[in-house]
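S.K.: one predicted model, sequence on top.
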Amino acid sequence: MRNPLLRKLLSRSCLSQEEQDALVQARTRVQPVPAHQNLLVEDTVPKHVVIIERGFACRYRILPDGQRAIIAYLIPGDLCGLNASVLGCLDYSVATLTTCEVSTIPLQTLDALMTEYPAIEHALRRMKLVDEAILREWLIGMGRRSTDQHIAHLFCELLVRMRVVGLAIGSSYELPLTQVDLADAVGVSVVHVNRMLQALRRVGLIRLEGKRLTIRDLDHLMRFANFQPKYLCIEPEAVADQCRDEREAGTRRSPIALDGLVIAQAQRRDQSRARRARAASSTPIARA
């Protein structure tokens, strides 16, 4: 598989073969990192940027009461710490959520690379602007979407991002997150996440098996979440093609009522079962 960072950059920017080679050669050797390990720490000044080569990581903050707030999921191809040389120190930490493989580029080397190759600087700047756009969508989700819509939007977003780096098969991808990881990202309790996942499964929008998420009806899930992928600055042709393929193959089910009320009614029917759910930090999403 092509280097995930290059796949991500080339989905939005043009880089010559020389520029691609220079960026790849600037990386250090890929290193394995266990789950739940810090890669960058808040209030420190890193000397390098970190590239996620495999696995899931996150940007996060620890609040005064000890709660964790996840402010970004990081997947293969994502780069973190780029603005450290400008800001002086980090205002967030980065940690692995699963076993990961990471590489680094010294900031001094990266600065020289961007000076020598303006196209690389442009591509990295564009990537950071997209990161900011993703954060804005998360803020909108926290403030103006219901929890079920917020989770659905997040699943759609991850599908597009995973497709870009070649890690999705159709509308299915590995999602090795726990319910706690999801709760810390959407800002609700683990029990509430459990209920929302059950509701989305019950109406036939998603399937969770082990550590794999399959979006069973992508078109309906996108409409329910009001997901518009333009903020990712990637041509949404792959998403549109998937919906068209489903129509042509006759695999689309009859329309499903997708408003928040219907899902709320579904979850209330099994409220007693949801109350019995005792999700620990090791509980996979698929066990909802």
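M.R.: In hand now; what should we look at? Residues are numbered from 1 along each chain as shown.
S.K.: so residue 155: helix, strand or coil?
M.R.: helix (DSSP: H, G, I helix; E, B strand; the rest coil).
S.K.: quick one: residues contacting it.
M.R.: Residues counted as contacts of residue 155 (CB atoms under 8 Å, 6 or more residues apart in numbering) are 175, 206, 213, 215, 221, 225. (Each C-beta comes from the backbone N, C-alpha and C, glycine too.)
S.K.: just these: which are in helices?
M.R.: Counted as lying in helices by DSSP state H, out of those, are 221, 225.
S.K.: got the residue ranges for the strands in this protein?
M.R.: Secondary structure of the chain, counting by DSSP state E: strands at 31-33, 38-40, 48-54, 57-62, 68-74, 79-80, 93-96, 100-106, 168-169, 172-174, 206-209, 212-215.
S.K.: related to what we said a few turns ago, need the contacts of residue 155 in a markdown table (columns: neighbour count, distance to residue 136 and pLDDT).
M.R.: Shown next, in a markdown table, are the contacts of residue 155 (neighbours: other CB atoms under 10 Å; distance: CB to CB, whole Å; pLDDT from 0 to 100):
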| residue | neighbour count | distance to residue 136 | pLDDT |
| --- | --- | --- | --- |
| 175 | 23 | 23 | 97 |
| 206 | 22 | 25 | 97 |
| 213 | 23 | 24 | 98 |
| 215 | 24 | 23 | 97 |
| 221 | 22 | 21 | 97 |
| 225 | 23 | 15 | 96 |
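S.K.: picking up where we left off before, how about the strands of the chain, which one is nearest residue 112?
M.R.: strand 100-106 (9.4 Å; CB to CB).
S.K.: which neighbouring elements make contact with the closest one?
M.R.: When contacts are defined as 3 or more CB pairs under 8 Å, 6 or more residues apart in numbering; DSSP states H and E, strand 100-106 packs onto strand 31-33, strand 48-54.
S.K.: got the ones you listed as TSV, with mean neighbour count columns?
M.R.: Output for these, formatted as TSV (neighbours: other CB atoms under 10 Å):
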stretch	mean neighbour count
strand 31-33	15
strand 48-54	21
